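# sequence-free structure coming up:
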């Protein structure tokens, strides 16, 4: 009775299934479980967690999966998908709004595109990372479905967007879409820069599973461009998803990107020259 994750990814990205959260199941419902004679505790709890996600009660969904579902049940893919969506929602991500924002954009830098949907919204970037780590526990990209990987790419963009808004666009409360004096790109702390590095890594690994029909051709072109530029700026070490492998160069590269006009929300003009990008922060 696996959650129909792949079917719903397609429905979500086609914008024909207008629900808030990605993984609401068409077939995995309480009645269906009972009708099929499956009454196990884990099945029922996962249904409850799924309902909580659909009601935007993300913490309840997270608590059900992490504290009530059995240890073996927590290893189920459907449980992990529900948990990943719970964390993504807690992070501040509204999938429909996010995809629509990217699809509607005809201009803007990569970081601006990823950040704009979170302007005016309280965010929790640690929860976005928890969502990605939950997806990673299903298996690496090569072992996951294309829909799970597209989901990972969107959450990765959200991690970068929430981290940008939370650290560079601080005023007024929840930001206004621009860098301010209290949150200068070049001075964000290493732990906060790590969110950008990891988000970039997950995006780099999974963006091939996202299409122009899903987020718009302009946004996809812009995001692919920064992935390619990172390889030129940081020497090809732009797909790190393990926090223990993050380097100072990677952190500085994210700060540099943030401080540019072409890729971030800063003021340094680089004309996409990788040498100038690398020098965007002193």
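All right, it came through fine. This is a predicted model, so every value here is computed, not measured. Residues are numbered from 1 along each chain as shown.

# The closest residue to residue 109 other than its chain neighbours: what secondary structure?
Once flanking residues are discounted, residue 109 sits nearest to residue 263: 5.2 Å by C-beta to C-beta, 6 or more residues apart in numbering. Any C-beta I mention is one placed from the backbone N, CA and C, and that applies to glycine too. Of the three states, residue 263 takes coil under DSSP: H, G, I helix; E, B strand; the rest coil.

# burial of residue 263, as a residue count?
The tally of other residues near residue 263 (other C-beta atoms under 10 Å) stands at 25.

# Residue 83 versus that one, what's the distance?
From residue 263 across to residue 83, the span is 32 Å (C-beta to C-beta, to the nearest Å).

# low-scoring pLDDT stretches of the stretch 1-150 of the chain, where are they?
Across the stretch 1-150 of the chain, the ranges flagged by pLDDT under 70 are 1-40.

# can you pull out the strands in it?
Applying DSSP state E, counting those that start in this stretch to the stretch 1-150 of the chain gives no strands.

# and the next element down the chain from the top helix by length along the chain?
If you go by DSSP state H, the chain has its longest helix at helix 146-167. Next along the chain after helix 146-167, taking DSSP states H and E as the criterion, comes helix 190-206.

# Sort out which residues of the next helix or strand after that next one are buried, please.
Per DSSP H and E, helix 190-206 leads on to helix 212-215 as the next helix or strand towards the C-terminus. Under the neighbour-count criterion of 16 or more other C-beta atoms under 10 Å, helix 212-215 has 214, 215 buried.

# Which elements pack onto helix 212-215?
helix 95-104 (3 or more C-beta pairs under 8 Å, 6 or more residues apart in numbering; DSSP states H and E).

# can you give me how far the helix it packs on is from the chain middle?
13 Å (C-alpha atoms, centre = their mean, to the nearest Å).

# Would you mind confirming that the residue nearest to residue 109 is in contact with residue 253?
No - Residue 263 lies out of contact with residue 253 (C-beta atoms under 8 Å); the separation is 10.4 Å.

# As a check, name the ranges of all helices in the stretch 1-150 of the chain.
Ranges of helices in the stretch 1-150 of the chain, per DSSP state H, counting those that start in this stretch, are 5-13, 30-35, 41-54, 58-63, 77-91, 95-104, 110-115, 125-138, 146-167.

# would you list those helices in JSON lines and tack on mean neighbour count and distance to residue 281?
Below are those laid out as JSON lines (neighbours: other C-beta atoms under 10 Å; distance: least, C-beta to C-beta, whole Å):
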{"stretch": "helix 5-13", "mean neighbour count": "20", "distance to residue 281": "36"}
{"stretch": "helix 30-35", "mean neighbour count": "12", "distance to residue 281": "53"}
{"stretch": "helix 41-54", "mean neighbour count": "21", "distance to residue 281": "39"}
{"stretch": "helix 58-63", "mean neighbour count": "19", "distance to residue 281": "35"}
{"stretch": "helix 77-91", "mean neighbour count": "26", "distance to residue 281": "26"}
{"stretch": "helix 95-104", "mean neighbour count": "18", "distance to residue 281": "27"}
{"stretch": "helix 110-115", "mean neighbour count": "26", "distance to residue 281": "14"}
{"stretch": "helix 125-138", "mean neighbour count": "22", "distance to residue 281": "21"}
{"stretch": "helix 146-167", "mean neighbour count": "26", "distance to residue 281": "14"}
